[in-house]
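Novice: Dropping a prediction and its sequence here:
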Amino acid sequence: MKRNIIITAGPTNEPIDAVMQITNMSTGALGNVIAETVLEDKADEIGKIYYISPKMSYKPRFVGEQVELVTVKTTQDLIDALKDIFSRDRIDIIVHSSAVGDYTGEYVVRAEDLAHEIYEMLQKAVKKEEITEESIVDIFRNPECVCNNNTKISSYEPNLMVKMGLTPKVISLIKQMAPDVTLVGFKLLEGVSKEYLYQVASKLREKNDADYIVANDLAKIGGGKHWAMILNKDGIVTECQTKKEIAKALETLLF
């Protein structure tokens, strides 16, 4: 039976207002190399590849009946795309290389307005005991004075503040949505020891029931090099020095 695959690649982009957004430096290059390598070498064994990425990230050159490009922007778009694909097709493998942003913009506020709201609360307090750290934090969580972020916020606000909140952890949802899928996750740290990276990646694998984790160190990426180690429940399977080597190693493990 031919395998159906999802490959996620590139960053997510979380809006602050109608123009500004929070994103990261991912280009989707690694996910693209993985997709193209599999298409080059295993086309006869592939039913379909669903390639999920934002508009501006790298895309496979071999787009045809075997490849469906799914364009997403936010973390929630990515989750919705996965749910949609799972609802209409059998998926055997997910290579989740997307660099999902950790944070999204919850609201934008002028510092002057927020200060005034806190000042008003202090003025209304009858007793000193009514003012606590938690009551002040509650205002930060949900102030009344937020800017309208459905339009472009003025370019001339000198004290604009953005409250950021956590995005959902997409990797933690994948096995909930598709328990039988073979899941490849990715972990990126920077300038850490190999032992520490292995520990963090192993915990990520265990927590999310991933079959493999590709563990990267940003300090070892660049100039045509992309060092990574691939691990599973038994330990380190292999180490790679380039994106192409990572793609070839995953190809060997998954097919």
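Specialist: Right, received. Where do you want to start?

Novice: Name the helix or strand for residue 116, please.
Specialist: Element membership of residue 116, judged by DSSP states H and E, is helix 111-124.

Novice: same thing with residue 51?
Specialist: Going by DSSP H and E, residue 51 is part of strand 46-53.

Novice: and the next helix or strand along the chain from the helix holding residue 116, what other elements does it pack with?
Specialist: Once helix 111-124 ends, the next helix or strand along the chain (criterion: DSSP H and E) is helix 133-141. Contact partners of helix 133-141 among helices and strands, from 3 or more CB pairs under 8 Å, 6 or more residues apart in numbering; DSSP states H and E: helix 111-124. Just so you know, the C-beta spots here come from the backbone N, C-alpha and C atoms, and that holds for glycine as well.

Novice: what comes up buried for the helix it packs on?
Specialist: By 16 or more other CB atoms under 10 Å, the buried positions in helix 111-124 come out as 113, 114, 118.

Novice: export these to a markdown table and tack on distance to residue 164?
Specialist: Formatted as a markdown table, the buried residues of helix 111-124 follow (distance: CB to CB, whole Å):
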| residue | distance to residue 164 |
| --- | --- |
| 113 | 18 |
| 114 | 15 |
| 118 | 19 |
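
Novice: between the residues you listed, which is nearest residue 70?
Specialist: Proximity to residue 70 was ranked across the buried residues of helix 111-124 by CB to CB; first place goes to residue 114, at 38.7 Å.

Novice: quick one: the strands in the stretch 101-250 of the chain?
Specialist: 103-110, 160-166, 182-189, 212-222, 225-232, 235-240 (DSSP state E, counting those that start in this stretch).

Novice: Dump those into TSV; add distance to residue 127 and mean pLDDT as well.
Specialist: As requested, these are exported to TSV (distance: least, CB to CB, whole Å; pLDDT from 0 to 100):
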stretch	distance to residue 127	mean pLDDT
strand 103-110	28	93
strand 160-166	29	94
strand 182-189	48	98
strand 212-222	51	97
strand 225-232	57	98
strand 235-240	60	98
